[in-house]
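Q: The following block contains a protein sequence and its predicted model.
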Amino acid sequence: MLDVRLIRNDPDAVRSGLARRGEDLALLDRLVELDGEHRALTAERDALRAEIRSLSNQVGTLHREGRSEEATALQEESRALGERERELDVRCDEASTAVRDILLRLPNLPAPDCPDGAGEVDNVVVRVEGFDESAYRDHQRVPHWEVGEELGILDVERAVKLSGSMFVMYRGAGAALVRALCQLAIDRNVDRYEEVRPPTLVRTDTLISTGHLPKFVDEAYHLERDDLWAIPTAEVPLTSLHRDEILAEGDLPRRFVAHTSCFRREAGSAGKDTRGLLRVHEFDKVEILALGTPAQAAELHREILERAEGIVVELGLAYRVLDLCAGDIGNSAARTFDIEVYAPGVDQWLEVSSVSWFSDYQARRANLRFRPESGKGTEVLHTLNGSALAVPRVWAALVETHRQPDGTVLVPDPLRPYLTPYLGGDGPLR
RNA sequence: GGAGGGAUGGCAGAGCGGACGAAUGCGACGGUCUUGAAAACCGUUGGGCCCUCACGGGUCCCGUGGGUUCGAAUCCCACUCCCUCCGCCA
């Protein structure tokens, strides 16, 4: 959520920020108008209330002194004011609800150093690591769904029987590989990040805090009977962990790592990437997230990116880092670096992590604040996060990249300790 | 799922229609005293919104939403959450 005061004090900055995203500015105009209305109404209402309060106090005094006739006169006067106050109050509420509705739908402003651009094609490739197109051999040019089926480690057909298309099931060594990947990603981050196992079903407020609601209702699974939502990412519960709290500056930054299932309806991409693991409704992901002061944010952003990259490197995958342009960053983000791994079997770059800085956008929605060590009052925090590891796409790139001429998959060293029962003999993993 | 109890400031806990943003205690912070510390004493100690360059002022917040009233932490209604017991259960 944007700061209304910023919208009031520097509307041009907000306007140009939203324009960089290609956002329609009509909503903003409407917001400015409603906000002015709201403030005028509030001022009028508060003045009336002050008068009513003072009259009521006088009534009390008069009654105690036994001057009930004078009291009755004042009561009449106050009653009349009360009627107007109620009327104003209703209009005031309407205006403030309308303001909030728009505020909840306006996206974050892109950071000044976020590259310009209208969409995907304008994203800036920051670096490419470990990629040599000519080095891939034929045995690596097999899509993961074929590799998976061949080795009996991926069973898409039966997953579809159980749950429908875009659900998948890993089996045997494939299932173990999912577990190994998650555990590796957690173990690599527990040095500084507190391990959390949060709920995966959350209330509406929790999804509003991160910016997933109200705008993206169609993307989320909703359990109507209980009015709970299945989380699309651990970002959702982790961001709300300290919701409505005021943290001490000395306790910042707070860092969290969480492994959860993630659920996405993928309503906007029906028919896209329907094969294999590229786009699925339910998947495992290890997320890292930090809450910090505005001054700490840049360094935290760098740190999360470094950690997300580190795991991809350990897994021996080719990857590139993109600096997403203003037209392509997510609704809540101010700046985002995407990590994409190269999957030789499908010959595609797969997004496996979005490392985002949300400035105070989510924190304002979640009412996450801190008390500065020097000075008074409270300030809004900054939130940042990124996937340490998102299973399906990493799993896909991994089995394609490390497929051997005999069809088995060579497991990279860092994963081996987690897979010992599967590495002996002539199984699918070597 | 059934029966009962409860929700007040950082915590504990009073207030049950008028001067209550709220007693008191604890904690925290500042000061006096002290070589230093403790004790004692004195003081300070929530957040949101609006107006103001500022000083300051107004208003709202006692789980949430509505109602009664000149006036609500206090009365009424609904909801939510928590606790205890019973049932069920991985």
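A: Now that the structure is in, tell me what you want to look at.

Q: what about residue A:227, neighbour count?
A: Residue A:227 has 9 neighbours, counted by other CB atoms under 10 Å. All C-beta spots, glycine's among them, are computed from the backbone N, C-alpha and C.

Q: repeat for residue A:351
A: Residues within reach of residue A:351, counting by other CB under 10 Å, total 15.

Q: Doesn't it belong to a helix?
A: No: using DSSP: H, G, I helix; E, B strand; the rest coil, the secondary structure at residue A:351 is strand, not a helix.

Q: Next up, the contacts around it.
A: By CB atoms under 8 Å, 6 or more residues apart in numbering, the contact list for residue A:351 reads A:338, A:339, A:340, A:393.

Q: How about the backbone phi and psi for the residue in the stretch 151-300 of chain A that RNA strand B sits nearest to?
A: Distances between the stretch 151-300 of chain A and RNA strand B by CB to the nearest atom of the strand are smallest at residue A:246, namely 6.5 Å. The phi/psi pair for residue A:246 (degrees, to the nearest 10) reads phi -120, psi 110.

Q: ok, and the closest non-adjacent residue to it?
A: residue A:369 (4.7 Å; CB to CB, 6 or more residues apart in numbering).

Q: Just confirm that neighbour contacts residue A:379, I think it does.
A: Yes: counting by CB atoms under 8 Å, residue A:369 touches residue A:379, with 6.4 Å between them.

Q: what is the residue nearest to residue A:246 paired to in the beta sheet?
A: residue A:246, residue A:380 (DSSP bridges).

Q: Name the SS class of residue A:85, please.
A: Reduced to three states by three-state DSSP, residue A:85 is helix.

Q: Setting aside sequence neighbours, what's the nearest residue to it?
A: Per CB to CB, 6+ apart, closest to residue A:85 is residue A:48, 4.6 Å.

Q: Run the chain-centre distance for the helix or strand where the one you found lies.
A: Residue A:48 belongs to helix A:26-64 when assigned by DSSP states H and E. Distance of helix A:26-64 from its chain centroid, counting by CA atoms, centre = their mean, to the nearest Å, is 37 Å.

Q: So which bits of that helix are buried?
A: Within helix A:26-64, the residues scored as buried using 16 or more other CB atoms under 10 Å are A:28, A:31-32, A:34-35, A:37-39, A:41, A:45, A:48, A:52, A:55, A:58-59, A:62.

Q: related to what we said a few turns ago, for the residue nearest to residue A:85, give me its contacts.
A: So residue A:48 contacts A:81, A:84, A:85, A:88 (CB under 8 Å, 6+ apart).

Q: so how far is RNA strand B from the third one?
A: By that I understand residue A:85. Computed as CB to the nearest atom of the strand, to the nearest Å, the residue A:85 to RNA strand B distance reads 8 Å.

Q: Mind pulling up the pLDDT for that residue?
A: If you check residue A:85, the pLDDT there is 88.

Q: Would you confirm that it contacts residue A:52?
A: Yes: taking contacts as CB under 8 Å, residue A:85 lies within contact range of residue A:52: 6.4 Å.

Q: roughly how far out does the one helix or strand residue A:355 maps to sit from the chain middle?
A: Using DSSP H and E, residue A:355 falls within strand A:348-357. Centroid separation for strand A:348-357 versus its chain: 13 Å, with CA atoms, centre = their mean.

Q: got it, and stretch A:192-206?
A: For stretch A:192-206, the distance to the chain centre is 12 Å (CA atoms, centre = their mean).

Q: Does that stretch reach RNA strand B?
A: No: shown here: stretch A:192-206 not in contact with RNA strand B (CB under 7 Å from any atom of the strand), separated by at least 8.6 Å.

Q: Just the residues contacting that stretch, thanks.
A: Counting by CB under 8 Å, 6+ apart, A:186, A:213, A:223, A:226-231, A:234, A:236-238, A:240-241, A:243, A:254-261, A:263, A:288 sit against stretch A:192-206.

Q: Now, those residues that are in strands?
A: A:223, A:228-230, A:254-261, A:263, A:288 (DSSP state E).

Q: of all those residues, which two lie farthest apart?
A: A:223 and A:255 (30.4 Å; CB to CB).

Q: what about these two, which has more around it?
A: Under the criterion of other CB under 10 Å, the comparison of residue A:223 against residue A:255 puts residue A:255 first, with 20 against 10.

Q: is residue A:338 in a bridge, and if so with what?
A: Going by DSSP bridges, residue A:338 forms beta bridges with residue A:322, residue A:354.

Q: Please name the residues that touch it.
A: A:123, A:321, A:322, A:324, A:351, A:353, A:354, A:355 are the contacts of residue A:338 under CB under 8 Å, 6+ apart.

Q: Now, of those, which are buried?
A: A:123, A:321, A:322, A:324, A:353, A:354, A:355.

Q: okay, those residues in a markdown table with distance to RNA strand B next?
A: Formatted as a markdown table, these follow (distance: CB to the nearest atom of the strand, whole Å):
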| residue | distance to RNA strand B |
| --- | --- |
| A:123 | 35 |
| A:321 | 37 |
| A:322 | 36 |
| A:324 | 30 |
| A:353 | 31 |
| A:354 | 30 |
| A:355 | 29 |
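
Q: hey, where'd the strands end up in the stretch 251-400 of chain A?
A: Along the stretch 251-400 of chain A, the segments classed as strands by DSSP state E, counting those that start in this stretch run A:254-263, A:282-292, A:319-323, A:335-343, A:348-357, A:369-371, A:379-380, A:382-390.
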